[in-house]
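In: Take this sequence and fold it.
(chains A and B)
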Amino acid sequence: MSEIAMVIYELETMPSDTNKGRLIKFPPFIEQELQRRISNNDLHGVNLQGKNLKGAWLAGIDFTDCDLTDACLEFAVLSECKFHNCKLNGANLKRANLIAADFEGTDLRNADLYYARLTCANLKKADLSGANLQRTILRCADLSGAKLSNTRGEPILDRTKMDGVLS
Amino acid sequence: MIIYHFCTSVNEANAYLLIEPESRESLLVDVPEWTENMGKVLVEQKVKLVGVFITHEHYDHTSGMNALLKSFPNLSRYPHQNFFNEPNNTKYNTIYVGKQKGHILSLPGHTSESVGLHIGNIVFTGDALFAGSVGGTISLHEAKQQVKAIKENILTLPENTIVLSGHGPATSVRIENKYNPFLHN
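Out: Numbering: from 1, shown residues only, chains lettered A, B, ... in the order given. Model (predicted):
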């Protein structure tokens, strides 16, 4: 027997009564320069094509204009992240925490969103053509004007805005 | 603290191995299966397993118990049965992993004996609270009981507390407080 996935979290030592700073250290496979840029929320336009960011705690980071094509973000915590004008085609977002993430107009073609949590996410005009939406949780998400042609799987839709969806 | 998060093949339920680095003591939270890799982590990290904490008695959180006990026959199991009769008794609601003190939380709803564990900056919530969701219940009464328990015992923790649940990814108390639609209806 073996597990489906394994992620290691090393907690930052910090007072528990403050809301500042990181909660979990960067995984060792993320290089120092990228760690610095993430810490400074300075990722504007960075090429992260094919990068392994599995299980990383990246909540609230602004990925505007980044290229995350084919990146591995499985189990990553990306709640409240901004992905404006970001390329996420073919990205592995399986089981990721994408609560309240902003994907307005984002390229998510062929992305794997299996069992990803997109509660309250903004997916207005996002291109999800060919994406895997099996068990994807889209509760209270906004998919107005999103492209959903050739998507696979059955997502969980509950209070999901679907006005003008293109399928 | 270091936490190994295993997404298992049993209904994709999570098991967690919490390691207190100074003492090298560790605690396993739920055991959907006991895999060779989990045992290997204990050996490689040179840690002593001091107990197993079960969040609730569903098969996808306990199926690996027999295999685990074959390797660790004298392993302490938490919570102690007396916890459910005396939840305020520190003898039963407290767990130590090295010097790190953990506090057991009552989270009835998904099952009547569902529990969580608050330790350091982490709260393990089992199937009571997930990222953006809550556990299934058999009736509206249990659903209300569960939301009440979450509000009283989890949402009152510091906002930056990391939430590790029985299925799916990590989240935080702040995110759940702000966006979880089941907690605000």
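In: rest of the way, CA atoms for contacts and neighbours
Out: Fine.
In: what's the burial count for the residue lying closest to residue A:66 once chain neighbours are set aside?
Out: With sequence-adjacent residues excluded and distances taken as CA to CA, 6 or more residues apart in numbering or on different chains, residue A:66 is closest to residue A:45, at 4.3 Å. Residues near residue A:45, counting by other CA atoms under 10 Å in any protein chain shown, number 14.
In: what residues are up against residue A:45?
Out: A:63, A:64, A:65, A:66, A:67 (CA atoms under 8 Å, 6 or more residues apart in numbering or on different chains).
In: now the residues you listed as CSV including distance to residue A:98?
Out: Shown next, in CSV, are those (distance: CA to CA, whole Å):
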residue, distance to residue A:98
A:63, 13
A:64, 15
A:65, 18
A:66, 17
A:67, 17
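In: Surely residue A:142 touches residue A:122?
Out: Yes. The pair residue A:142 / residue A:122 is scored as a contact, 5.1 Å apart, by CA atoms under 8 Å.
In: hmm, back to that, out of the contacts of residue A:45, which is nearest to chain B?
Out: Set against chain B, the nearest of the contacts of residue A:45 by CA to the nearest CA is residue A:63 (19.0 Å).
In: how many other residues sit next to the closest one?
Out: Neighbours of residue A:63 (other CA under 10 Å): 24.
In: ok, now residue A:139?
Out: 23.
In: what residues does chain A put near chain B?
Out: A:1-11, A:16-19, A:23, A:75-77, A:79, A:95-97, A:99-100, A:115, A:117, A:119-120, A:140 (CA under 8 Å from any CA of the partner chain).
In: Mind doing that once more with 7 Å?
Out: A:1-11, A:16-17, A:19, A:75, A:77, A:95-97, A:99, A:117, A:119-120 (CA under 7 Å from any CA of the partner chain).
In: Report the buried members of the residues you listed.
Out: A:3, A:5-11, A:16, A:75, A:77, A:95-97, A:99, A:117, A:119-120 (16 or more other CA atoms under 10 Å in any protein chain shown).
In: Restricted to helices, list these.
Out: Applying DSSP state H to these, no entry is found in helices.
In: just to revisit the earlier point, which ones among the contacts of residue A:45 are found in helices?
Out: Going by DSSP H, the helices hold none of these.
In: These, buried ones only, as a PyMOL selection?
Out: Per 16+ other CA under 10 Å, the buried members of these correspond to this PyMOL selection:
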select buried, chain A and resi 63+64+65+66+67
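In: Between the contacts of residue A:45, which sits nearest residue B:171?
Out: Checking the contacts of residue A:45 against residue B:171 with CA to CA, the nearest one is residue A:63 at 19.1 Å.
In: Sweet, I'm off.
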